[in-house]
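Peer 1: show me the folded form of this:
(2 chains)
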Amino acid sequence: MAVFVLKRLASLLASLLFASLAIFLVLEVLPGDPAAFMLGLNAAPDTVAALREQLGLTAPLPQRYFGWLAGMTVGDFGISYTYRVPVSDLIGARVQVSVPLAAYALTLSTLIAIPVGAIAASARNTPLDAGIMGMTQLGVALPNFWFAMLLVLVFSVGLRWFSAGGFPGWDDPFAAMRALTLPAVALALPQAAILARVMRSSLLDTLDQEYMRTARAKGLSQGQALRRHALRNALIPVLTIMGLQFSFLLAGAIIIENVFFLPGLGRLVFQAISARDLVVVRSVVMLLVFAVVTVNFLVDFTYALVDPRLRRPVS
Amino acid sequence: MSTLRVQDLSLSIRAVQILENVSFEVGPGEILGIVGESGSGKSMTALSILNLLPRHSQLSGSVTLGGLELSGLSDRAMNAVRGDDIGMIFQEPMTALNPLKTIGSQVAETAWVHGHAGGREASRIAREALDRVGLEAEEFPLIRYPHELSGGQRQRVGIAMAIALRPRLLIADEPTTALDVTNQAQVLGILKRLVREDGMGLILITHDLAVIAEMADRVAVMQSGRVVESGPVREVFRQMRHPYTRKLFSTSAHVPQRTPRAFERTLLDVQRLERRYAIPKRLPWEPQRYKLALDGVSLNIAKGESVGLVGESGSGKSTLARTVLGLETAQGGAVHLEGLPIRGPHGTAFGTRRETQMVFQDPYGSFNPRHPVGRLVAEPLHLLRNGAPKGADRKALVSLALERVGLAATDADRFIHEFSGGQRQRIAIARALIVEPTLIVLDEAVSALDVSIRAQVLDLLAALSERLGVSYLFISHDLHVVRAVTDRVYVLRQGKIVESGPTAKVFTHPEHDYTRTLIAAAPRLDAALKSRFGDA
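Peer 2: Numbers count the residues shown, from 1 in each chain, chains lettered A, B, ... in the order given. Here you go, the predicted structure:
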């Protein structure tokens, strides 16, 4: 097990290094001067030169790259060009919205999808199964921003249960969670629809396995066999999808954050791109890469927890 | 009083009659063998007793266990019977265990689910059951996972699960079919001992008459859902009143007609072949270690000759076959076909692929289920490159190949799932034959077939060999088959050839201990009857 974790950790570090190099090369080395790009077409040459100086673009490439890496390891991401504040402060504030939102949405989608998928599988080829599958089709097809607007119309404008947008901060955790609820639901339902379909087909495969018949022959009821033998086996493919979904929720919530006026990472990177603030862009992109790679590492780690064949391979 | 009494059991699934008035009894400490070919209803009979049937099944008749009528019991009441009063062992040890749970917890579950014990007591029962099937605590602690065990060991875990609560009846459905001869002998020995120790009844389902002859007290012969003959083994096997019993006997002992020939020209020449696999490293800086799957194997096959390759599972038989065909790269040694190296600079030489074809063990798994049979059979024709026939010629060639293996030309339009196991294997042979190869490698090609179909396929292979002069490399753990159809035989053990020679000589006068062990472990019908009942 320790070996497995060490190996995965090494590959995690390698991915991060590779990604940082790619980001650095694309943003700073490829033809085109970052300073000139940030200032736009009509900038005076001496302004560009001043910005180059300010951004440290005059230093040799390796020094810039390793300086950037070293800075990030101690939480120094540089100073935002547009906001004139440390990028770490900007990111710090946004992460407090984006990570809880993604976690909230993933929790919701998992809590909905796994039981729904399991019910559909155990009721295979019945009207109930067909009904559930029809609903998930719809869930996959609906764009989440449209669904978000629908939620706002019903629960904010109509019923006035939730506010239509904005985020009050974590001083009042209850209010914060409330503000995140509609966005989380809007994000979660399409993901839940996908996850429920994966869960159903994975469980159906598992139900046909011979060890299920063995379990019944031992005297387990259908339900016991399902809970004790099928679920964990069926979860392995579901985990893969969940890992992908978390990454997507973290980085891909831009539209939903805009619909609900949430100060999240998605909005930050969107604004930074519009303002050509490359310092913020490269830091947020690196952070998202870090999050995705870490989540994948955690998923791999969970595989090993679930599946002894990975934990204790036979040579 | 009998342990189990089955009376007039009939089963239909979606209006298809599967079982018809099946009746038999099993007494305490008695072994009832149920023998028959696939589709005869053996497994369905077992599942009917446990009432673990597929949907849309309609069951009638009576099943009584020690006086308790089981038919008509609710699923809940049957849950209490399954595992506690009746244990069951399945054919495939590789898939019958949950890969994510330890063997200890899977055996203990039997005790737990019936409320006999929980926690430590259930573990103690599991330990005892595993000990009883010869999986000692030292080497097989409860925390082992199925993937850490071999097929034979997994099958013993399956037995431990079934006997943990000392049921009154044990049903074993082809428990040794997936095992090699030495493992088979061990598992059968364990079953026999458990029956004696616990006084339980055992229903042993098998297609192998020799296993019945060695194990069973009484036998029921099944054919298309009916018991056509039953009684004490000696009586049934001696008198063979029913024509189907006679047919089973004659086909299982079937030896195809082969005229002895002298072979001159060497077709395949394998010299000091070495194949090793890298063992996954646990730490990146560890030195790379290797597992030697083939350790200097030399072997040759003459044109038209039929050569056998025997050995236990894991001895390297399939690796040898794959390496000889160039499907795997050897790390040392050389393979020549008609004097030419089989591997060119860009993988397997094109000529080799045309001259050699392979027939696999699982005929169904080796076909794409979405293509019609005609397309499947025609698949190797691309090896002829521009010489490949087109249109009507191609169709004629497919028809010819199908007819050669005893199928109809019209079968080309059907799909593989519409055929029986034996027919599928014939289609696989037709596919191998269509490019008229000089060598066909048969990897356990008849192991999954019923005796009568196996006899047909063996006849077919023998006839094709004589008519077309094709050579065979015949890989099997079934020694009788190898003995019946090959001219020479090689015995492979842990990647090394330990003995080789003319088949008749190796089988009658084995020189190596390992060969002797293999031959002794293989059940033989005549020998079993003779040793148990004195006369032959």
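Peer 1: once you drop chain neighbours, what's closest to whichever residue of the stretch 101-250 of chain A sits closest to chain B?
Peer 2: Taking C-beta to the nearest C-beta, chain B has its nearest neighbour within the stretch 101-250 of chain A at residue A:219, 3.3 Å off. (Each C-beta comes from the backbone N, C-alpha and C, glycine too.) Of all residues not flanking residue A:219 in the chain, residue B:83 sits nearest, at 3.3 Å (C-beta to C-beta, 6 or more residues apart in numbering or on different chains).
Peer 1: so the one you found sits against residue A:217, correct?
Peer 2: Yes - between residue B:83 and residue A:217 a contact is recorded at 6.5 Å, counting by C-beta atoms under 8 Å.
Peer 1: what's the overlap in contacts for those two?
Peer 2: residue B:162 (C-beta atoms under 8 Å, 6 or more residues apart in numbering or on different chains).
Peer 1: report how many residues lie close to the residue of the stretch 101-250 of chain A closest to chain B.
Peer 2: For residue A:219, the neighbour count with other C-beta atoms under 10 Å in any protein chain shown is 26.
Peer 1: and it, how far is that from residue B:114?
Peer 2: 6 Å (C-beta to C-beta, to the nearest Å).
Peer 1: got the residues of chain B near chain A?
Peer 2: B:50, B:52, B:75-76, B:79-84, B:87-88, B:90, B:92, B:95-102, B:109-110, B:113-114, B:145, B:147-148, B:158, B:161-162, B:279-280, B:282-284, B:291 (C-beta under 8 Å from any C-beta of the partner chain).
Peer 1: can you say which of these are buried?
Peer 2: B:50, B:52, B:79, B:81-84, B:87-88, B:90, B:92, B:95-102, B:109-110, B:113-114, B:145, B:147-148, B:158, B:161-162 (16 or more other C-beta atoms under 10 Å in any protein chain shown).
Peer 1: hey, which helix or strand in the chain has the poorest pLDDT?
Peer 2: Defaulting to chain A. The helix or strand of chain A with the poorest confidence is helix A:34-39; it has a mean of 74 (mean pLDDT, DSSP states H and E).
Peer 1: can you look at chain B instead?
Peer 2: strand B:347-348 (a mean of 66).
Peer 1: where does the stretch 201-350 of chain B dip in pLDDT?
Peer 2: Applying pLDDT under 70 to the stretch 201-350 of chain B flags the ranges B:282-284, B:344-350.
Peer 1: how about the strands of it, start to end?
Peer 2: B:201-206, B:218-223, B:226-232, B:266-279, B:289-302, B:306-310, B:332-337, B:340-341, B:343-344, B:347-348 (DSSP state E, counting those that start in this stretch).
Peer 1: so which of the ones you listed is nearest residue A:310?
Peer 2: The closest of the strands of the stretch 201-350 of chain B to residue A:310 is strand B:266-279. By C-beta to C-beta, the value is 16.5 Å.
Peer 1: just checking: what are the partner strands of the closest one?
Peer 2: Strand B:266-279 pairs in its sheet with strand B:289-302 (antiparallel), strand B:332-337 (antiparallel), by DSSP bridges.
Peer 1: contact partners of that strand?
Peer 2: So strand B:266-279 is in contact with A:315, B:288-303, B:305, B:316, B:319-320, B:323-324, B:328, B:330-339, B:438-439, B:471, B:473, B:495, going by C-beta under 8 Å, 6+ apart.
Peer 1: and with 7 Å instead?
Peer 2: Residues from elsewhere that reach strand B:266-279, judged by C-beta atoms under 7 Å, 6 or more residues apart in numbering or on different chains: A:315, B:288-303, B:319, B:323-324, B:328, B:330-338, B:438-439, B:471.
Peer 1: stretch A:8-21 now?
Peer 2: Looking at what lies outside stretch A:8-21 - C-beta under 7 Å, 6+ apart - the contacts are A:69, A:286, A:289, A:290, A:293, A:297, A:300, A:301.
Peer 1: show me just the buried residues among the residues you listed.
Peer 2: A:286, A:289, A:290, A:293, A:297, A:300, A:301.
Peer 1: pretty sure residue A:249 is touching residue A:106, no?
Peer 2: Yes - at 6.0 Å, residue A:249 counts as touching residue A:106 under the criterion of C-beta atoms under 7 Å.
Peer 1: roughly how far apart are residue B:500 and residue B:311?
Peer 2: Taking C-beta to C-beta, one finds residue B:500 at 12 Å from residue B:311.
Peer 1: these two: which has the busier surroundings?
Peer 2: residue B:311 (26 against 21).
Peer 1: so what's the more buried one up against?
Peer 2: Contact analysis of residue B:311 by C-beta under 7 Å, 6+ apart lists B:317, B:491, B:492, B:493.
Peer 1: try residue B:69
Peer 2: residue B:62.
Peer 1: low pLDDT regions in the stretch 101-250 of chain A?
Peer 2: Using pLDDT under 70, nothing in the stretch 101-250 of chain A is flagged.
Peer 1: helices along that one, start to end?
Peer 2: Secondary structure of the stretch 101-250 of chain A (DSSP state H, counting those that start in this stretch): helices at A:127-141, A:144-151, A:173-207, A:210-217, A:222-225, A:231-251.
Peer 1: can I get those helices in TSV with distance to chain B and mean neighbour count?
Peer 2: Below are the helices of the stretch 101-250 of chain A laid out as TSV (distance: least, C-beta to the nearest C-beta, whole Å; neighbours: other C-beta atoms under 10 Å in any protein chain shown):
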stretch	distance to chain B	mean neighbour count
helix A:127-141	14	15
helix A:144-151	34	17
helix A:173-207	10	21
helix A:210-217	4	23
helix A:222-225	7	16
helix A:231-251	5	20
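Peer 1: distance to residue B:216 added to these, as a markdown table?
Peer 2: Shown next, in a markdown table, are the helices of the stretch 101-250 of chain A (distance: least, C-beta to C-beta, whole Å):
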| stretch | distance to residue B:216 |
| --- | --- |
| helix A:127-141 | 45 |
| helix A:144-151 | 65 |
| helix A:173-207 | 34 |
| helix A:210-217 | 22 |
| helix A:222-225 | 31 |
| helix A:231-251 | 36 |
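Peer 1: out of those helices, which comes closest to residue B:478?
Peer 2: For residue B:478, the closest of these is helix A:210-217, at 23.3 Å, according to C-beta to C-beta.
Peer 1: let's see that closest one as CSV, backbone CA atoms only.
Peer 2: C-alpha atoms of helix A:210-217 as CSV (Å, rounded to 0.1, in the frame of the first residue of the first chain):
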residue,chain,number,x,y,z
GLU,A,210,-21.2,-15.2,-10.5
TYR,A,211,-20.2,-14.2,-7.0
MET,A,212,-23.7,-12.8,-6.7
ARG,A,213,-25.2,-16.2,-7.3
THR,A,214,-22.7,-17.6,-4.8
ALA,A,215,-23.9,-15.1,-2.2
ARG,A,216,-27.5,-16.2,-2.8
ALA,A,217,-26.5,-19.8,-2.5
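Peer 1: and for residue B:500 and residue B:311, which residues touch both?
Peer 2: Between them, residue B:500 and residue B:311 share the contacting residues residue B:491, judged by C-beta under 7 Å, 6+ apart.
Peer 1: let me see the contact set for the residue nearest to residue A:219.
Peer 2: Per C-beta under 7 Å, 6+ apart, neighbours of residue B:83: A:217, A:218, A:219, B:110, B:113, B:114, B:165.
Peer 1: again, only using 8 Å
Peer 2: A:217, A:218, A:219, A:220, B:110, B:113, B:114, B:162, B:165, B:167.
Peer 1: the first one contacts residue B:88, correct?
Peer 2: Yes - counting by C-beta under 8 Å, a contact exists between residue A:217 and residue B:88, whose distance comes to 4.2 Å.
Peer 1: which neighbours do the two have in common?
Peer 2: In contact with both residue A:217 and residue B:88: B:50, B:82, B:162, using C-beta under 8 Å, 6+ apart.
Peer 1: tell me the SS of the last one?
Peer 2: Okay, so that is residue B:162. helix (DSSP: H, G, I helix; E, B strand; the rest coil).
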